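[1] Fold the following and give me the result.
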Amino acid sequence: MNKPITQKNKIIRASAYIGTSLDGFIARANGDIDWLPDGSGGEDWGYKAFFKSVDALVIGRKSFEKVLSFKKWPYGNKPVVVLSRRRLTIPKRIAQTVESSSSSPAKLVRQLSQRGFKHVYVDGGKTIQGFLNAGLIQEITITKLPILIGKGIPLFGPTQHDIKLRHLGTKQFANGFVQSKYQVLR
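    Numbers count the residues shown, from 1 in each chain. Reported below is the predicted structural model:
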């Protein structure tokens, strides 16, 4: 069982929650996610409940830039840490809740734990891959959409070692979406 990181008796969990095309891509090669539904149909596929369970987000720079193009900032006042090796410009309208970091996943998790965070949402392909390779994600929820986009940015890339998962459950939605939840094992 993959135990959460502990720091001075504080426990932090990290979870990924992401949608992919049936062929395993999270975005087109140019980063476009036009094939993903915008959520305006009323169904959220469990996202609101998941989002409510986390107290901070860690996302990659490219995901952050994509989210900035949305009409509305989707994370409200929830703290967001953007992983980037480059200097990042954070718009004033979200500067109270968004910060950037160039820390390794392990160092960032320790920092977030020391700040009292208990459950972080990890988002973005490279960011999820980095946290998985570092053994820092305990749970991953993947919603597969019934579309093949042929090429794009894959959810998973090369791993440094096998990463074993335990299937926790699968839901099927009326629109053809299939959502599976996994526990990441050590």
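
[2] mind listing the helices for this structure?
    Counting by DSSP state H, the chain has helices at residues 47-53, 61-68, 105-114, 125-133.

[3] neighbouring contacts of the shortest one?
    Contact partners of helix 47-53, identified using C-beta atoms under 8 Å, 6 or more residues apart in numbering, comprise 15, 17, 39, 78, 119, 121, 141. Every C-beta, even on glycine, is put in place using the N, C-alpha and C of the backbone.

[4] Report the beta-bridge partner residues of the nearest residue to the first one once chain neighbours are set aside.
    By that I understand Ser15. In space, and not counting its chain neighbours, Ser15 is closest to Glu139: 4.5 Å by C-beta to C-beta, 6 or more residues apart in numbering. Under DSSP bridges, the beta-bridge partners of Glu139 are Ser15, Gln183.

[5] Make 531 the first number, not 1, from now on.
    That works, and once the first residue is 531, the last one we named lands at Glu669.

[6] one step back: now the helices of the chain as JSON lines including mean neighbour count and distance to Arg623?
    Converted to JSON lines, the helices of the chain look like this (neighbours: other C-beta atoms under 10 Å; distance: least, C-beta to C-beta, whole Å):
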{"stretch": "helix 577-583", "mean neighbour count": "13", "distance to Arg623": "20"}
{"stretch": "helix 591-598", "mean neighbour count": "18", "distance to Arg623": "10"}
{"stretch": "helix 635-644", "mean neighbour count": "18", "distance to Arg623": "23"}
{"stretch": "helix 655-663", "mean neighbour count": "21", "distance to Arg623": "23"}
